[in-house]
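>>> mind looking at a prediction? Sequence and model below.
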Amino acid sequence: MALYRFRVTFEDYDDVTREIDVKSNQTFEDLHRAIHQSTGYNPEYSSSFYISNDQWMKGEEITYLPNQRRIDRGVSLMERVKLSSFIDDPHQKFYYTFNFDRPFDFHVELMKIILEDAPGVTYPAVIKSVGEAPKQFGNVFNPTALPAESEEFDFLNEEMGFNPEDADDLTEVVDEEAETDEVPLHVDDEEEEDEFGSEFSDNEGFEDDGKAHEDY
């Protein structure tokens with residue numbers, strides 16, 4: 001039985017590669033599972049292979065765990081399609097997207113066709129592994145992993161150009177303004193009476209009534 005040897009590379013992590021041998025009569029699902037045997041990922045997520053050209057442009061789709069839209073479109077299923085059905089080029093390429101909700105994209109390229117499989121080997125077989133695969137969900141922000149409250153405050157201060165060390169100076173300015181603007185809440189009754197009494201006194205500038213009558 002002929003073997004296909006594929007080189008599998010992360011699109012965004014080209015220093016991480018795998019080489020995998022698969023029998024020609026095995027399916028795209030077998031290759032899908034072999035890839036994640038080599039990455040350590042859980043393969044049970046909706047994913048697709050796309051027949052590709054040398055520029056990695058997506059063509060016909062072959063999918064795993066399709067959503068209803070893909071089912072209605074009549075997409076081919078990985079478990080039903082043998083690799084040999086789409087190998088017509090000695091350097092055939094497939095663009096592969098794993099987990100559409102939190103995707104990793106891969107380039108899958110046929111390196112060579114081996115005419116006979118090795119006895120005693122279970123295929124697919126990972127024959128070469130270079131580099132450590134990134135964490136399965138490491139490429140997506142986890143909304144539950146929020147920073148501590150103090151860290152959020154520091155971040156906002158940094159964004160707004162505010163230096164927490166200036167807080168003491170600001171407090172002193174506020175205290176000084178409070179002192180200068182302070183108005184007494186109670187006024188002495190006698191002082192208030194004297195103030196208005198002297199201003200509006202009926203006797204100011206006048207002599208007593210008896211003296212006034214003597215002038216006429």
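Now that the structure is in, tell me what you want to look at. Numbering: from 1, shown residues only.

>>> this protein: helices as residue ranges?
28-39, 68-73, 149-160, 167-180, 189-199, 209-214 (DSSP state H).

>>> what comes up buried for the second one?
Buried residues in helix 68-73, counted by 16 or more other C-beta atoms under 10 Å: Arg70. Just so you know, the C-beta spots here come from the backbone N, C-alpha and C atoms, and that holds for glycine as well.

>>> look up the pLDDT of Phe100 for me, please.
At Phe100, the model reports a pLDDT of 95.

>>> ok, now Ala148?
Confidence score, pLDDT, at Ala148: 41.

>>> please go through the chain and pick out the longest strand.
Across the chain, the strand with the greatest residue count (assigned by DSSP state E) is strand 104-114.

>>> beta-bridge partners for the closest residue to Ala125 other than its chain neighbours, please?
Closest residue to Ala125 apart from its sequence neighbours, by C-beta to C-beta, 6 or more residues apart in numbering: Asp21 at 4.9 Å. Per DSSP bridges, residues listed as beta-bridge partners of Asp21: Arg5, Ala125.

>>> now do Asp21 against Ile127, distance only.
Distance of Asp21 to Ile127, computed by C-beta to C-beta, to the nearest Å: 6 Å.

>>> related to what we said a few turns ago, the residue nearest to Ala125: how many residues sit nearby?
Asp21 has 21 neighbouring residues, counting by other C-beta atoms under 10 Å.

>>> that one against Lys128, yeah?
No - Asp21 is beyond contact range of Lys128, at 9.8 Å (criterion: C-beta atoms under 8 Å).

>>> show me whatever sits in contact with both of Asp21 and Ile127.
Taking C-beta atoms under 8 Å, 6 or more residues apart in numbering as the contact definition, Asp21 and Ile127 share the neighbouring residues Arg5.

>>> burial count for Tyr123?
Using other C-beta under 10 Å, Tyr123 has 16 other residues around it.

>>> domain map for the protein?
With automatic domain parsing as the criterion, the domains of the chain are listed as 3-130, 146-182.

>>> highest average neighbour count across these?
Of the domains of the chain, the one with the most neighbours on average (mean count of other C-beta atoms under 10 Å) is domain 3-130, at a mean of 16.

>>> where in this structure is pLDDT low?
Flagging of the chain using pLDDT under 70 yields the residue ranges 138-216.

>>> try 90
Applying pLDDT under 90 to the chain flags the ranges 1, 14, 88-90, 116-117, 137-216.

>>> related to what we said a few turns ago, what's the closest of the domains of the chain to Gln136?
Gln136 sits nearest to domain 3-130 of all these, at 4.8 Å, using C-beta to C-beta.

>>> show the end-to-end separation of the closest one, please.
21 Å (C-alpha to C-alpha, to the nearest Å).
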